[in-house]
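Peer 1: give me coordinates for this.
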Amino acid sequence: MKFFSIRTPLLLLSLLAFLPLTDQPRLSPADVGTAAYYCPPYTQTACSAQFPSSNLFAAAGEGIWDNGASCGKQYLVRCTSPIVSGICIRDRTVKVRIVDCAPSSSSRPSSNDATMVLSTTAFDVIAKFATAVDVEYQLLKN
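Peer 2: Model prediction:
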């Protein structure tokens, strides 16, 4: 019984042609942007939502605000700024609930035009020594 023939390597090469070529695999689909923070006192929000007792919340920037459709949605956020900068806290993510619109928030963000503006409590979970960071964020299913 013969298991190996000249056709076997050709068959393997043709199967490899169907494998996707990527620079790095992605475990889950996510968007990228920037995150800033804003400080208390937190006041009435555009979403008319109560702030979570955990203080893990965010205001949506123009890119995800969607005329208020993002109110109450939850996002998983991870800092992606260069590790050598020492800004990101390695392997940390934070789950935040959108409670406001960043441009109309009464509390000013630490950096303008951010994709999302996190409460200081949420920001401190993923980053340190910065006013704004690069982030990867993913909408969670409610």
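Peer 1: what residues are bridge-paired with the nearest residue to I126 once chain neighbours are set aside?
Peer 2: The shortest distance from I126 to any non-neighbouring residue, by Cβ to Cβ, 6 or more residues apart in numbering, is to C79 (4.3 Å). C-beta here means a position set from N, CA and C on the backbone, and glycine is covered the same way. On the basis of DSSP bridges, C79 takes part in beta bridges with V135.
Peer 1: pLDDT value on C79, please?
Peer 2: At C79 the predicted local distance difference test score is 96.
Peer 1: I'd like to know how many residues surround it.
Peer 2: Counted with other Cβ atoms under 10 Å, residues neighbouring C79 total 23.
Peer 1: for F51, see how far away it is.
Peer 2: 22 Å (Cβ to Cβ, to the nearest Å).
Peer 1: now V99
Peer 2: In this structure, V99 and F51 are 6 Å apart, going by Cβ to Cβ.
Peer 1: who's more crowded, the two?
Peer 2: Set side by side, V99 and F51 show unequal neighbour counts under other Cβ under 10 Å, the larger going to V99 at 23 against 16.
Peer 1: next secondary structure after the helix or strand encompassing that one?
Peer 2: Following DSSP states H and E, one finds V99 within strand 93-101. The helix or strand immediately downstream of strand 93-101 is strand 116-119, counting by DSSP H and E.
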